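Trainee: I'd like to go over a predicted model; first the sequence, then the structure.
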Amino acid sequence: MTARDRVLALLAERPTDTSGPWLDLVHGRPGSRGRVQELWESASGASGYDGVLALGDRVEAYVPGLVGGAALRDFYRVDERLGLVGGETVLDLACGPGTLTRRLARAVGRRGLVIGADLSEPMLARAARSTAFAQVDFARLDAMDLPFTDAAIDAVSCSMCLHLVPDLVTTLRGIARVLRPSGPVAFAVPAHAPGPLRPFSDLFARVGQARLFGPGDLSGVLRDLGFTGVEERWLGGVRVVDASAPPS
């Protein structure tokens, strides 16, 4: 079976057109998700984001820990945070240009499957062009309306997505539903700046119409929804939260 065949088998409803470089599983175009999301929907925004992620991916192994290397490695090595050993089905939610998707593909190997999912077509176009793995396929989907059957996914990577969704709880419940019981999930979300810099990050969030996360904000919601093993770390401008889906 091809990766496309394997993805189709996980969907609650088969799309009418399955011939494109990615599956379009969004019915129509969702309303505006804010100015940051609109930037990611543009070719220039996708290109700029791709450049930033690619640079970090190239240097993370060489940056000393005292100047942020540990934080970079925590963000990029999502395969290690998920404990992947090979053969898993992984959803890379908000895959962007595919930087983390490629890491996940190497971790799951040919027996595994990685679904790179994003709402932005320019992001998916860049990801599909640069990710030549037989075990990878891409889908355009809405993070608040995941189209997979219950417990279809072994692990979820969700980096730099939750600050843009209008309804955080709906999104997290959807992730819990499609994950197998106790399946691992690795989040990365933008954080409030500390101390005197806080007003500047708050201004950025208001202008960009995006959510920023303070200490325990995401962790608390996850625990309320039944996620277990919740661990949170602050990496400067990003909060990393790892957890396991509810056991049943």
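Mentor: Yes, it's here. Since the model is a prediction, treat every value here as computed from it, not as a measurement. Numbering: from 1, shown residues only.

Trainee: What score does Gln34 have for pLDDT?
Mentor: For residue 34 the amino acid is Gly, not Gln. In this prediction, Gly34 carries a pLDDT score of 72.

Trainee: Please tell me I have it right and it contacts Leu119.
Mentor: No: in this structure, Gly34 is not within contact of Leu119 by Cβ atoms under 8 Å, at 11.9 Å. Backbone N, C-alpha and C define where each C-beta goes, glycine included.

Trainee: where in the chain is pLDDT low?
Mentor: Scanning the chain for pLDDT under 70 picks out 28-33, 66-67, 195-197, 199-201, 203-209.

Trainee: Give me the most central residue, it.
Mentor: For the chain, the residue nearest the mean C-alpha position is Cys158 (2.5 Å; Cα atoms, centre = their mean).

Trainee: Could you verify that that residue is part of a strand?
Mentor: Yes: under DSSP: H, G, I helix; E, B strand; the rest coil, Cys158 sits within a strand.

Trainee: circling back: the more surrounded of Gly34 and Leu119?
Mentor: Leu119 (22 against 17; other Cβ atoms under 10 Å).

Trainee: Who's the closest spatial neighbour of Ser130, skipping the chain neighbours?
Mentor: Leaving out its chain neighbours, the residue that sits closest to Ser130 by Cβ to Cβ, 6 or more residues apart in numbering is Gly98, at 5.6 Å.

Trainee: Distance of that neighbour relative to Trp234?
Mentor: Gly98 is 26 Å from Trp234, where distance means Cβ to Cβ, to the nearest Å.

Trainee: and these two? which has more neighbours close in?
Mentor: The residue with more neighbours, out of Gly98 and Trp234, is Gly98; 28 against 15, by other Cβ under 10 Å.

Trainee: Surely that one is in contact with Thr131?
Mentor: Yes: counting by Cβ under 8 Å, Gly98 touches Thr131, with 4.5 Å between them.

Trainee: any shared contact partners between those two?
Mentor: Common contact partners of Gly98 and Thr131 (Cβ atoms under 8 Å, 6 or more residues apart in numbering): Gly116.

Trainee: Not counting the longest helix along the chain itself, show me its contacts.
Mentor: For the chain, the helix with the greatest residue count under DSSP state H is helix 43-59. If you take Cβ under 8 Å, 6+ apart as the criterion, helix 43-59 is touched by 39-40, 72, 75-76, 96-97, 99, 120, 122-123, 125-126.
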